[in-house]
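# no letters, just coordinates:
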């Protein structure tokens, strides 16, 4: 096969591989359900990075395989030197400048997405998150409850409401991870870490400690229940009434129609 035909074949196969790779990145559902505005932004960033990286991977691989195919050492050439080749300045500038520009572009877009995810809206609620071996607890301040503070071992959030989480740990380093929100933050003792999310899909989703924190690490799980705003207010009022009644109030009590703490994590409904 002539050198020109082999090069044409290599280019065609490379373009085909790029198309298949990009198609698979969309066809395969890599992530859990999107349950927050930030999750949609993060997934879009992922697809942009994949579309940018797949051609680079295929190009580098194609050049390597083509060079091995066309320029490998043949029998009897073990002691021969390769032909003297002078560097191509234009090509060297191109393969330095183009990757640099592409990398800076991806960094800039990543910064824009992360900045949008953290942008403070005009109105939001604050929820405290406390980590300890081996459980999560969630605190709703008076500004949210309209009365006394409320604490729960299940996280309830109103749909469409921006939430700023204020995370702290009582003992060791934990990681607060809500896969459906694409939210993960390290929770470090002595430091209050903040993160913002806007849940936009009704349902119950898992909360996981994603950092080895001790022998009971695998049991450090809870759930976030995204419910309509009116139902959220009813749940808050039920907790306030239960606190007023004294003993017997369950920390994960719910109102009629709200998801129970034993709901299947990840079940979602529009």
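Yep, it's here. Predicted model only: the values in this text are computed from it and were never measured. Numbering: from 1, shown residues only.
# determine the longest helix present in the protein.
The helix spanning the most residues in the chain, taking DSSP state H as the definition, is helix 37-71.
# residue ranges of the helices in the stretch 151-270 of the chain, please?
For the stretch 151-270 of the chain, the helices defined by DSSP state H, counting those that start in this stretch occupy 229-245.
# oh, I was asking about the stretch 1-150 of the chain
Counting by DSSP H, counting those that start in this stretch, the helices of the stretch 1-150 of the chain are 3-27, 37-71, 89-117, 142-145.
# give me the neighbour count for residue 109.
Counted by other CB atoms under 10 Å, the residues lying close to residue 109 total 15. For the C-beta atoms, the positions are set from N, CA and C on the backbone; glycine is no exception.
# any idea how far residue 244 is from it?
Distance, residue 109 to residue 244, using CB to CB, to the nearest Å: 51 Å.
# for residue 93, same thing?
74 Å.
# just residue 97 next, same as before
Distance, residue 97 to residue 244, by CB to CB: 68 Å.
# could you list every residue that touches the residue nearest in space to the middle of the chain?
What sits nearest the mean C-alpha location of the chain, by CA atoms, centre = their mean, is residue 182, with 3.3 Å. Neighbour list for residue 182: 31, 34, 36, 38, 39, 42, 43 [criterion: CB atoms under 8 Å, 6 or more residues apart in numbering].
# domains in this protein, by residue range?
3-70+89-117, 125-269 (automatic domain parsing).
# got those as TSV, with mean pLDDT and distance to residue 80 columns?
Formatted as TSV, those follow (pLDDT from 0 to 100; distance: least, CB to CB, whole Å):
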stretch	mean pLDDT	distance to residue 80
domain 3-70+89-117	86	16
domain 125-269	84	55
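# for residue 128, find the nearest of the helices of the stretch 1-150 of the chain.
Residue 128 lies closest to helix 142-145 among the helices of the stretch 1-150 of the chain, at 9.9 Å (CB to CB).
# residue contacts, residue 17?
Counting by CB under 8 Å, 6+ apart, residue 17 touches 58, 62.
# let the chain start at 26 from now.
Happy to do that; since the first residue is 26 now, the last one works out to residue 42.
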